[in-house]
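Q: Sharing a model that was predicted from the sequence below.
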Amino acid sequence: MDATYLQSFLSDSARKTTRSEIRELLELVTQPDVISLAGGMPAPDTFPTEELAELVPSMLRRHGGAALQYGPTEGDAQLREEVRRLTEEDGVTGLTTDRVAITTASQQGLDLCGRVFLTPGDAVVCGLPSYLGALGAFSACGARLAGVPVDDHGIRTDQLEQRLVDLRKSGVRPKLLYVVPDFQNPTGVTLSARRRNELLIIAAEFDLLVIEDSPYRKLRYIGESPPSLAALDSDGRVISLFTFSKILFPGLRLGWVVAAPEIISRLVTAKQPVDLCTSPLCQVVAREFLVAGKLPAVIDRTRTLYAAKRIAMLEALDRHFGGESGVRWTRPEGGMFVWVTLPEYVDARALLAKSLERKVAFVVGSAFHCDGSGTSTLRLNFSFPSIAQLDEGVRRLAEAFEDVRSEIGPRQREPATTEQRPLVVSGEHALDRLALTLALTEMVA
Ligand SMILES: Cc1ncc(COP(=O)(O)O)c(C=O)c1O
């Protein structure tokens, strides 16, 4: 089929999504000797392969009838009870099963929120930066995005309030506020307890529903967790998305959403035409795994491995970027990512080009900024590479950084001028970046 001919059949949203920029980059990054700090994938050594090899055959014999059949859209009743219990153990008291539904992992939760709440032109408030898959899901529904800066303690609640006031003055009333409060993808930072309370007060004041997207909450290596937004929510405005992807394995494609019963009911109705139900086979696997009490050991194993990798990455950054480099980075207490801020005069895209010459890949930070800002930032992943690759990858990155600096020369090293950005932007940039970054993440394992 000729691509130009196909164009005339495409929907508006499909036409906006391009993968053209990707090919050239992929040729470089798919070479086998490239160290990728770009992906967002769990380490395969955390997967419970042996446990599953033992569990699945007998599970099929016992529960084949249900596992291989269609199931309820809201999910397997017993699995819902298991995840309800898990969520309650994390401080969400009095949680009833009608406030829980199973999703085809968190990404579907995001998509369903978009379908249920967003009409093209509606505004969503999100962090600068934010998880690209969420920006993509909202943008695919025609959302406009309003970004609020994130610092070491999460989204800036002081600026959030001011932004909402400014938006109202210009006639924009956002419906949704999207946050990843724990070990945010991409920055690794955690929203402080104080800001969690402030955020909920602001959400009530400005009539916003809050989407708490929380894949990494259980991957804490040091320190104590502040309460989840679900636990703090007293008026039913928080929709919390959880997933097994980072605590069990992503191939399971299984998550759960916790929200007010009225919201759950809308999400379930929206889910019906999408997939009828989440794979019952996967749900029975997860259910039996949980019932057998096997999840805590997998989470412990994952934490131990990632804690060591986190230290390896932070030490490598200290070693190779310490001193006068002007490079700063976050020190996340959990999760899978470190966020690097280069001196303002260095463009992360120029650094990526030099890094790829030295066979190391990362994701440029502007990809995660709905307004295209963040040009001198980048995201590094530490869950997937080996400890040796983490050190070597960061060493090469530092060499690439020196290459860029020496090309820029001392006279040009002035900070870039900060341009005035609009209050709210179309999501097209996010969709474009999503295609690019997902391809990078898929291909550069
Ligand atoms: C913040 C965030 N939300 C959602 C997802 C989607 O995860 P899944 O659909 O595998 O649950 C990811 C994946 O990396 C993520 O980082």
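A: Received it, and whenever you're ready, just let me know what you need.

Q: So which bits of the chain are right by the ligand?
A: Within the chain, the residues that sit near the ligand (C-beta under 6 Å from any ligand atom) are 40, 105-107, 131, 133, 180, 185, 213, 215, 243, 245, 250, 255. Using the backbone N, CA and C atoms, a C-beta is placed for each residue, glycine as well.

Q: so which of those comes closest to Pro120?
A: Nearest to Pro120 among these is Gly133, at 19.5 Å by C-beta to C-beta.

Q: what helix or strand does that closest one sit in?
A: helix 132-140 (DSSP states H and E).

Q: Quick check: Arg115 touching Val268?
A: No: with contact defined as C-beta atoms under 8 Å, Arg115 does not count as touching Val268 (11.7 Å).

Q: how close does Cys196 sit to the ligand?
A: No Cys there; residue 196 is Arg. Counting by C-beta to the nearest ligand atom, to the nearest Å, the separation of Arg196 from the ligand is 17 Å.

Q: list the helices and strands the helix or strand that residue falls within packs on?
A: According to DSSP H and E, Arg196 maps onto helix 193-205. Contact partners of helix 193-205 among helices and strands, from 3 or more C-beta pairs under 8 Å, 6 or more residues apart in numbering; DSSP states H and E: strand 154-155, helix 157-169, strand 176-179, strand 209-213, helix 229-232.

Q: Report the helix or strand with the lowest average pLDDT across this structure.
A: Taking mean pLDDT, DSSP states H and E as the measure, the helix or strand of the chain with the lowest value is helix 22-29, at a mean of 56.

Q: Quick check: next helix or strand after that helix?
A: Following helix 22-29 toward the C-terminus (DSSP H and E): strand 35-36.

Q: helices and strands around that next one, which ones?
A: strand 360-361, helix 387-408.

Q: helix or strand right after the last one?
A: Yep, that's helix 387-408 we're talking about. Toward the C-terminus, helix 387-408 is succeeded by strand 425-426 as the next helix or strand (DSSP H and E).

Q: domain parsing for the chain?
A: As given by automatic domain parsing, the domain ranges for the chain are 17-47+297-443, 49-293.

Q: distance between the ends of the longest one?
A: Here the two ends of domain 49-293 are set 16 Å apart, with distance taken as C-alpha to C-alpha, to the nearest Å.

Q: From the residues of the chain next to the ligand, list just the buried residues.
A: Listed as buried from the residues of the chain next to the ligand are 40, 105-107, 131, 133, 180, 185, 213, 215, 243, 245, 250, 255; burial here means 16 or more other C-beta atoms under 10 Å.

Q: what is the rounded mean pLDDT of stretch 300-312?
A: Averaged across stretch 300-312, pLDDT comes to 98.

Q: Stretch 170-181 too?
A: What stretch 170-181 shows for mean pLDDT is 97.

Q: In that stretch, which residues are buried?
A: Neighbour-count burial for stretch 170-181 [16+ other C-beta under 10 Å]: Val172, Pro174, Lys175, Leu176, Leu177, Tyr178, Val179, Val180, Pro181.

Q: which one of the residues you listed sits closest to the ligand?
A: For the buried residues of stretch 170-181, the closest approach to the ligand (C-beta to the nearest ligand atom) belongs to Val180, at 4.5 Å.

Q: circling back to that earlier point, show me the buried ones among the residues of the chain next to the ligand that map onto helices.
A: When DSSP state H is applied, these are split such that Ala105, Ser106, Gln107, Gly133 fall in helices.

Q: JSON lines for the residues you listed, including pLDDT?
A: Shown next, in JSON lines, are those (pLDDT from 0 to 100):
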{"residue": "Ala105", "pLDDT": "97"}
{"residue": "Ser106", "pLDDT": "97"}
{"residue": "Gln107", "pLDDT": "96"}
{"residue": "Gly133", "pLDDT": "91"}
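
Q: re the thing from before, out of the helices and strands packed on helix 193-205, the one nearest Phe321 is which?
A: Short answer: strand 154-155, nearest of the helices and strands packed on helix 193-205 by C-beta to C-beta, at 23.8 Å.

Q: What strands line up against the closest one, and which way round?
A: Strand pairing for strand 154-155, using DSSP bridges, gives strand 144-151 (antiparallel).

Q: could you give the angle of the partner strand to helix 193-205?
A: Interaxial angle of strand 144-151 relative to helix 193-205 (axes from the mean of the first three to the mean of the last three C-alpha atoms, to 10 degrees): 160 degrees.

Q: How far away from the center of its chain is strand 144-151?
A: The chain centre lies 15 Å from the centre of strand 144-151; the measure is C-alpha atoms, centre = their mean, to the nearest Å.

Q: again, but for stretch 71-83
A: With C-alpha atoms, centre = their mean as the basis, stretch 71-83 stands 24 Å off its chain's centre.

Q: now the end-to-end length of that stretch.
A: Chord length of stretch 71-83, first to last residue, is 17 Å (C-alpha to C-alpha).

Q: Which of the domains of the chain comes out lowest on mean pLDDT?
A: For those, where the average pLDDT is lowest is domain 17-47+297-443, sitting at a mean of 85.

Q: State which one residue of the stretch 251-400 of the chain is found closest to the ligand.
A: Across the stretch 251-400 of the chain, the shortest distance to the ligand (C-beta to the nearest ligand atom) belongs to Gly255, at 4.8 Å.

Q: which ones are touching that residue?
A: Contacts for Gly255 (C-beta atoms under 8 Å, 6 or more residues apart in numbering) come out as Ile102, Thr103, Thr104, Ala105, Ser106, Gln108, Gly109, Leu241, Phe242, Thr243, Phe244, Ser245.

Q: about what we covered before: mind putting the helices and strands packed on strand 35-36 into a markdown table with mean neighbour count?
A: Formatted as a markdown table, the helices and strands packed on strand 35-36 follow (neighbours: other C-beta atoms under 10 Å):
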| stretch | mean neighbour count |
| --- | --- |
| strand 360-361 | 25 |
| helix 387-408 | 18 |
